[in-house]
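Asker: the amino acid sequence is not available; the structure is as follows:
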Ligand code: 13P
């Protein structure tokens, strides 16, 4: 069964740890993340960007795959299926398809429009028991071809959006999707503390989890971050492991060409990355 992210994030906020959102791309990704969460007895959020949703043949296919896996693999830890950086239309489509959690990213709109569109989703999500993530202050880097510059959110705007009744709030604090540049100045804990002061109990979301030093992750959690998104790091782990398999000529030996063998090192590498993150975030044993 899929669950809303609300309860797991409120628990994480109170317990001073964070739940990982790991983005999925295909069957191997999904299976690796679900099995790792179960092995570690950790709650988990599966993130689906609109591009990945399209790649996986649409949201209903994703819902079917994830629900099927939860059933067939005997997954009992809380799992939320979450739209990542959704448009307004994408959010509506995922609600209809059976997602249990939605992010509406209105950060590129003027704040009034972000508020109006987020408001329109608050009641629907509330009635259906779906968690809703809103965003203030664009997160830098490139995701699905959308390029944004790292930005720090305005704490008053964060409060205005948090007060709409969303479940969790993503706010830019100098974080970036993908690889951090050499000259990155790190997370702005000053901004994070100012936002936390304004929004009170609202669980905060840290995007761009790839490449943030462990100490900064821990500090962010201590300041109110309860959800951390990781995508690129699993992609790198998968790519390196599959590259190694091919470079070692293993695909040319025996039945090494079998996709179940060819992709197995990538699958194991995702599992190892997810495990490392769950241990760092403190969600192990918290299901
Ligand atoms: P990374 O790809 O940098 O890990 O960011 C993931 C993310 O924030 C998804 O919303």
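Answerer: Nice, thanks for sending it over. Just so it is clear, the structure is predicted and the values come from calculations on it, not from any experiment. Numbering: from 1, shown residues only.

Asker: what score does the closest residue to residue 199 other than its chain neighbours have for pLDDT?
Answerer: Nearest residue to residue 199, sequence neighbours excluded (CB to CB, 6 or more residues apart in numbering): residue 162, at 4.2 Å. In short, each C-beta sits where N, CA and C put it, glycine included. pLDDT for residue 162: 97.

Asker: now the stretch 1-150 of the chain against the ligand: closest residue?
Answerer: residue 84 (4.6 Å; CB to the nearest ligand atom).

Asker: that residue against residue 21, yeah?
Answerer: Yes. Residue 84 is in contact with residue 21 according to CB atoms under 8 Å; the separation is 7.3 Å.

Asker: number of residues surrounding residue 255?
Answerer: 9 (other CB atoms under 10 Å).

Asker: so residue 195 makes contact with residue 171?
Answerer: Yes. Contact criterion CB under 8 Å: residue 195 and residue 171 qualify, at 5.2 Å.

Asker: out of those two, which sits in the busier spot?
Answerer: Neighbour count, other CB under 10 Å: between residue 195 and residue 171, residue 171 has more, with 33 against 29.

Asker: that one and residue 74: what is the separation?
Answerer: According to CB to CB, to the nearest Å, residue 171 and residue 74 sit 37 Å apart.

Asker: what residues does the chain put near the ligand?
Answerer: Contact residues (CB under 6 Å from any ligand atom) of the chain with the ligand: 23, 47, 84-85, 177-178, 207-210, 229-233.

Asker: now the two most distant members of the residues you listed.
Answerer: The distance between the two most remote of those (CB to CB) is 17.3 Å, for 85 and 233.

Asker: these two - which one has more neighbours?
Answerer: Shown here are residue 85 and residue 233; by other CB under 10 Å, residue 85 has more neighbours (25 against 19).

Asker: which residues touch the nearest residue to residue 39 once chain neighbours are set aside?
Answerer: The shortest distance from residue 39 to any non-neighbouring residue, by CB to CB, 6+ apart, is to residue 275 (7.8 Å). Applying CB atoms under 8 Å, 6 or more residues apart in numbering, we find residue 275 in contact with 36, 39-40.

Asker: so what pLDDT did residue 275 get?
Answerer: 98.

Asker: next secondary structure after the top strand by length along the chain?
Answerer: The single longest strand within the chain, with elements called by DSSP state E, is strand 79-86. Using DSSP states H and E, the helix or strand that follows strand 79-86 in sequence is helix 88-97.

Asker: could you list every helix and strand in contact with the helix or strand following that next one?
Answerer: Toward the C-terminus, helix 88-97 is succeeded by strand 101-104 as the next helix or strand (DSSP H and E). On a contact count with 3 or more CB pairs under 8 Å, 6 or more residues apart in numbering; DSSP states H and E, strand 101-104 meets strand 79-86, helix 88-97, helix 111-128, strand 131-136.
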